[in-house]
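# Task: produce atomic coordinates for the following.
(chains A and B)
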Amino acid sequence: MTGIVIVSHSRQLARAVKDLAEAMNPGARLQIGYAGGALGRDDAFGTDVTDVMAAIESVYDGSNGVLVFVDLGSAILSAEMAIELLGESYAGKVCISAAPLVEGALGAAVGVSGGHLELEALLAEARQALRPKQQHLGEQPSPVLKSPPADHSRTQSREFVLTNPHGLHARPAARLVRCISSFTSECELEGPSKGKGPASGRSLSQLLCLEIGQGQRLRVSARGDDAAALLNAVEALLQSDFADATAGTLTRDAPATARESAGGFALAPDIGGAPGNGIALAPGIGVGPACWLHSPSLDVPNVSSDDPEREEQLLRRALDDVLGALLSGKSQSRSARDEEREIFAAHAVLIRDPDLWDAALASVRERSLTAESAWCERVRALIARHEALLDPYLRARALDVKDVGTRVLLALGAPHEAPEVGAAIAVADELTPSDVLMLEAQGVQGILVAEGSATSHATILARGLGVPVVAAPATVASVRTGDWLVVDGFSGDVIRNPDETTLESHRARRHAWLDRERALRESAQRPVRTLDDQVVAVLANVAAPPDCASLADSGADGIGLLRTEALFLHRRSPPTLEDHLGYFEAIFAAAGELPVTVRSFDLGADKPAAYLQQPHEDNPLLGARGIRLYERHAALFNTQIEALLRASNGRRAELLLPMITKPSELSWARQRLLEIHDRLEGEGVAHRWPMPCGVMIETPASVLMAPELARDAAFFSIGTNDLTAYVLAAERGTGPANAFIDPLDPAVLRAIARVTEAAAAAGIPVCVCGEMAADPAHLPLLLGLGVTQISAHPGAIPALKAKIRTLWQGALRNEMRALVTSAIDAATIRRRLAQR
Amino acid sequence: MAADKEKVVAWLRALATLYEEQRTYLTELDSPIGDADHGANLARGFAAVAAAIDQNPSLDISELLKATGMALIKNVGGASGPLYGTWFLRASAALAGCERLDTRELAKAFAAGTAGLQQRGKAELGDKTLVDVWIVVTRAVEESAARGDDLATCLAAASQVAKRAMEATTALEARKGRASFLGPRSVGHQDPGATSSYLLIEAARRWLS
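Here you go, the predicted model:
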């Protein structure tokens, strides 16, 4: 009979587990030994190798082997060592089970008493021991996800508790996938709170199936060369609560308490109003004729093709097209906001999900399905998986899968008439984010859906775009195209075919609502001055055209930092002149009269682009990045400059050069600009000239050379993130050096003071565009040191403007200079700022 | 100069005294990130080692190390029992029949012992464990042996390297053992296992050379 040994730090616990196992198998002749406690005593916790050896020997019958259950830590080591010391005669006869102590031992005892199970089978049995408990408590056992036997020796794991509202829902999950995918290590995630996983860190759908909610644990295991860096990055992301302005605003719209309401809908509590016959999802009043909206069916039957190669090509092209559109922002509305950009960025991750992209291509190749049927099959499977989820919030993500699925289906040429809804009330069973965009572009007045939730991406988009949405399943069924509808996104009321008087009164309400919205937006637009009448430009950091929409809302005085790297990332080949022109034109169109500071591409370091074929660098932050790449990639730089000069014709634009350490780099770039200008002039191509050329101050070298740089630079822009890292010789991130990172360190502030002095002497403006600038508490310091412009993410701008209106710059100048020249640590400075 | 059996006995006895002296210090190190038992465990374990040696005066070098390993796994209680126990047992096997411990023999013992440690604890360099010390020290001892250094030079280098490796654990985040439950909060604390390992090697410098 197979023996069982219980090893615990506590002798009493080990003995009790043995007793329990025996009591639960009355009549069975079990061989159970136990070892525990140090020094053979009941009251000393620990484990003793010789004790474990003796326990194993006592239950070994010479042929059937022994299964050892351990609690943790030294129990595992002691058991392993005991087996080793028992020597040859026990080799292969004794196994240690990773099962939980009590459940595993009971499971094995049942297995042993039930008959002659081999050691392997008993091990497998023990491994399943947690499952009944998980099922009973509603924690599904790990879904059947591929989990190759991991090489634990090189696996590093960390466990986190999710603190962000809604937990690991689509957008945070997408960020997580993006974060993880930027490393080469294998990565798996588990939700130990629910016993789910492992899920591949590169698969959004697998991640979502973990259903990890707020306050629940997430275990991340990574294996590979950059595993530690991966875990650090994940930790940083989680510690930030996936935070940027977007995540905050989105979740604030829909607190968790609003999610569970009868009928699967959710009330958006911030909308308020008396409950009508429907549920208000997005505020506003819509009046117009009804127009039914039907989306193409994903129920495509499986059809075989006789040319799998061609089908694969078709599918690849369609996938590439849709992905390209998602990444470039082409699929977004003219007035896209942060949340919209986030949603489509999540779609871009979703479409690349191995369970969709790879699996569909594999079906085409291996099962000879047509592109259409292979794609739809995968999409339907993933939708079904989402719909089976318990969490209503995650269930709503099925619509995102449907959205991506439909887009690709249309890109494959599926016959579908784009509905002409126009200025009507759109009626649909359910709504995808793309539907909302398409409808808004057509001037839709309102939307009535059968099913929807306050937290679906379509609803979030509609809210941002000012399109009223009401969910009213009972009403929807009876609405016919052509009926007149009033949709009240405040109360949830839907009125079908009202009389003319009612119709008129609701039209008046609609106009009043629109007027009020417009007035609110305009009040944010006032330019900002300090108490002593100094104008401080508050500008926006922007990466891609979609970011520009929030410019108007935020009251930004312009774009202070256009991060053109966005155009270079996530693609296989460098952007062409046409790509650049399209990008710049979209930016300038969105910026309108506002000035735009364009930073030429700052690749390298943490933003590598594969097609640049950069040689390996041990320390890329100190390697070829920013302007250092331009000479080697002169064509790329020339292309960007040509596009900038051409697209900015008649606009307010200036060029900002990143990672400058020497005045000669600035001269080199200005020389290239001049050459391109000459060429365009010769070719008779209209373009902007002259192009003011500024320098990014982010290295100690550029600080020390600021007086010389100021001679030729039109302006300075201080990148405080990198400057802090380089001045303090500490890497950003979560490594040990992170404790050194502090932009309020006097060394950093003295560097900034040197730069503003040099700029003032030369009469050029100085902007601060790092994260430091986004915190209103830092404004007295920055303005006091002589900074004249602030650039931050659009969401931070209203608060920055409000703070500037309370400051007296003249008084700050002496105070802050004195503070920075006298303080020897960041704490002093922080204290003084807090006292203000 | 090579070390004879008497020197090895002196070293092992000295360890009992040393860990008794350092008991409070090691426990203090172990309090914020461990079970606060490292000092007590090692003091108890090496007291048992001293007793075992006294009872068996005729053991050779290999047998002495084996008795040490067995006494440790029997008496330490915590994870350091099987870990140090493994080190001494493997070192013992590598030195079978050895009568005088010279640099090359020492390198063999260190290589075998450290390989055993890694196999037992599944820890790697940088995990903030005693393995951090043993890997670099073993490398130093092997290089020293290859240069043909005498035992005193070799152990002096080993002790110096051990001290640096021990100090370096302070900045690391623990990835193995009880301290790894603390994750980033383990940063800033010197690893108690690395510290007791340094003490062991420093004692070897003093008593073997």
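# Could you measure from the residue nearest in space to the middle of chain A over to residue A:233?
Nearest residue to the geometric centre of chain A (CA atoms, centre = their mean): residue A:175, 2.2 Å. Distance, residue A:175 to residue A:233, by CB to CB, to the nearest Å: 11 Å. From N, CA and C alone the C-beta is placed, and that goes for glycine too.
# Residue A:238 is in contact with the residue nearest to the centre of chain A, correct?
No - counting by CB atoms under 8 Å, residue A:238 is not a contact partner of residue A:175; they are 9.9 Å apart.
# Find the least confident helix or strand in chain A, judged by mean pLDDT.
When the helices and strands of chain A are compared on mean pLDDT, DSSP states H and E, helix A:245-253 comes out lowest with a mean of 30.
# what mean pLDDT would you report for the helix or strand just after it?
The helix or strand immediately downstream of helix A:245-253 is strand A:279-282, counting by DSSP states H and E. Averaging pLDDT along strand A:279-282 gives 86.
# who does the helix or strand following strand A:279-282 pair up with?
For strand A:279-282, the following helix or strand on the C-terminal side (DSSP H and E) is strand A:285-292. Sheet partners assigned to strand A:285-292 using DSSP bridges are listed as strand A:425-428 (parallel), strand A:484-488 (antiparallel).
# Need those strands in JSON lines (columns: mean pLDDT and distance to residue A:64).
Shown next, in JSON lines, are the strands paired with strand A:285-292 (pLDDT from 0 to 100; distance: least, CB to CB, whole Å):
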{"stretch": "strand A:425-428", "mean pLDDT": "92", "distance to residue A:64": "65"}
{"stretch": "strand A:484-488", "mean pLDDT": "93", "distance to residue A:64": "74"}
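# need these in a markdown table with mean neighbour count, can you?
Shown next, in a markdown table, are the strands paired with strand A:285-292 (neighbours: other CB atoms under 10 Å in any protein chain shown):
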| stretch | mean neighbour count |
| --- | --- |
| strand A:425-428 | 26 |
| strand A:484-488 | 26 |
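# Export these to a markdown table and append columns for distance to residue A:763.
Shown next, in a markdown table, are those (distance: least, CB to CB, whole Å):
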| stretch | distance to residue A:763 |
| --- | --- |
| strand A:425-428 | 56 |
| strand A:484-488 | 57 |
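# do you know which of those lies nearest residue B:115?
Of all these, strand A:425-428 sits nearest to residue B:115, with 66.9 Å by CB to CB.
# List the buried residues for stretch B:124-144?
Buried residues in stretch B:124-144, defined by neighbour count with 16 or more other CB atoms under 10 Å in any protein chain shown: B:124, B:127-142, B:144.
# So which of the residues you listed are in helices?
B:130-142, B:144 (DSSP state H).
# Can you report phi and psi for residue A:92?
Phi and psi for residue A:92, reported as degrees, to the nearest 10, are phi 80, psi 0.
# What does the pLDDT read for it?
pLDDT, residue A:92: 84.
# From residue A:707, how far off is it?
As judged by CB to CB, residue A:92 and residue A:707 stand 76 Å apart.
# Looking at these two, which has the bigger crowd around it?
residue A:707 (15 against 9; other CB atoms under 10 Å in any protein chain shown).
# Sticking with the more buried one, tell me its helix or strand.
helix A:706-712.
# name the helices or strands packed onto that helix?
When contacts are defined as 3 or more CB pairs under 8 Å, 6 or more residues apart in numbering or on different chains; DSSP states H and E, helix A:706-712 packs onto helix A:663-683, strand A:693-697, strand A:716-718, helix A:746-762.
# and it, what's its mean pLDDT?
95.
# Repeat that for stretch B:186-201.
Per-residue pLDDT over stretch B:186-201 has a mean of 92.
# do it and chain A meet at all?
Yes - judged by CB under 8 Å from any CB of the partner chain, stretch B:186-201 comes into contact with chain A through residue B:187.
# Quick check: buried residues in that stretch?
B:186-187, B:189-201.
# Of these, which belong to helices?
Among those, the ones falling in helices (DSSP H) are B:192-201.
# For the residue nearest to residue B:69 when sequence neighbours are not counted, list the residues it contacts.
Counting by CB to CB, 6 or more residues apart in numbering or on different chains, residue B:69 lies nearest to residue B:88, which is 3.4 Å off, once chain neighbours are set aside. Applying CB atoms under 8 Å, 6 or more residues apart in numbering or on different chains, we find residue B:88 in contact with B:65-66, B:68-69, B:72, B:113.
# Equivalent analysis for residue B:120, please.
A:77, A:80-81, B:82-83, B:86.
# Got phi/psi on it?
phi -70, psi -50.
# what does the one 5 residues further on give?
Backbone dihedrals for residue B:125, given as degrees, to the nearest 10, come out at phi -60, psi 130.
# Now residue A:697. Nearest residue, chain neighbours left out?
Closest residue to residue A:697 apart from its sequence neighbours, by CB to CB, 6+ apart: residue A:718 at 4.6 Å.
# Can you give the contact residues for stretch A:763-771?
Outside stretch A:763-771, the residues that reach it (CB under 8 Å, 6+ apart) are A:537, A:539, A:541, A:560-561, A:597, A:694, A:710, A:713-724, A:743, A:752, A:755-756, A:759, A:782, A:786-792.
# For the helix or strand that contains residue A:586, which residues meet the burial criterion?
Using DSSP H and E, residue A:586 sits in helix A:577-591. Within helix A:577-591, the residues scored as buried using 16+ other CB under 10 Å are A:579-588, A:590-591.
# hmm, back to that, now the helices and strands packed on helix A:706-712 as TSV including mean neighbour count and mean pLDDT?
Output for those, formatted as TSV (neighbours: other CB atoms under 10 Å in any protein chain shown; pLDDT from 0 to 100):
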stretch	mean neighbour count	mean pLDDT
helix A:663-683	15	96
strand A:693-697	26	97
strand A:716-718	29	97
helix A:746-762	20	96
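# so which of the ones you listed gets nearest residue A:606?
Proximity to residue A:606, assessed across these by CB to CB, is greatest for strand A:693-697 (15.4 Å).
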